[in-house]
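**Q** next comes the sequence, and after it the predicted model I'd like to discuss.
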Amino acid sequence: MPNNRAQFLTSGKDHTLKLIDLRGGAQGEVVKTIKASGYRVWTQWANACVSPDGAHVVAGGADGAVFVWSLSDEGLKVTLRGHDAAVATCAWGQSGLATADKNG
């Protein structure tokens with residue numbers, strides 16, 4: 001979730017991440033749609049995350065890559081490779097970014 005507690009991040013089977021603002025009514029309002037060529041969700045759920053400073057969005061892909069976008073301009077900043085299976089989750093901690101693939 002972004003630093004603003006009225007917003008949350010979704011990861012959909014349409015291979016996009018959406019930032020939803022709950023102040024936009026009962027259904028919420030999509031304020032940003034984030035996507036990249038090559039980004040594919042591999043399951044019915046994927047755990048994307050926002051950096052602690054609210055500047056970046058990170059999500060794992062079906063091909064084992066980790067995608068990092070700028071939240072301000074929705075641009076893909078870097079694609080990290082290293083997993084040999086679909087990346088299921090990511091989280092920011094005190095030491096930085098942690099990711100895990102479907103194999104653990």
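**A** Right, received. Where do you want to start? Residues are numbered from 1 along each chain as shown.

**Q** distance check, residue 72 against residue 54.
**A** Residue 72 sits 9 Å away from residue 54, taking Cβ to Cβ, to the nearest Å as the criterion. C-beta coordinates here come from the backbone N, C-alpha and C atoms, glycine included.

**Q** of these two, who's got more company?
**A** residue 54 (14 against 10; other Cβ atoms under 10 Å).

**Q** from residue 79, how far out is residue 101?
**A** Where residue 79 is concerned, residue 101 sits at a distance of 15 Å (Cβ to Cβ).

**Q** report the distance from the least confident helix or strand in the chain by mean pLDDT to the chain centre.
**A** Ranked by mean pLDDT, DSSP states H and E, the weakest helix or strand in the chain is strand 7-11, scoring a mean of 87. Distance of strand 7-11 from the chain centroid (Cα atoms, centre = their mean, to the nearest Å) equals 8 Å.

**Q** and what of stretch 43-55?
**A** Worked out by Cα atoms, centre = their mean, stretch 43-55 lies 4 Å from the chain centre.

**Q** what is the mean pLDDT for it?
**A** Throughout stretch 43-55, pLDDT has a mean value of 84.
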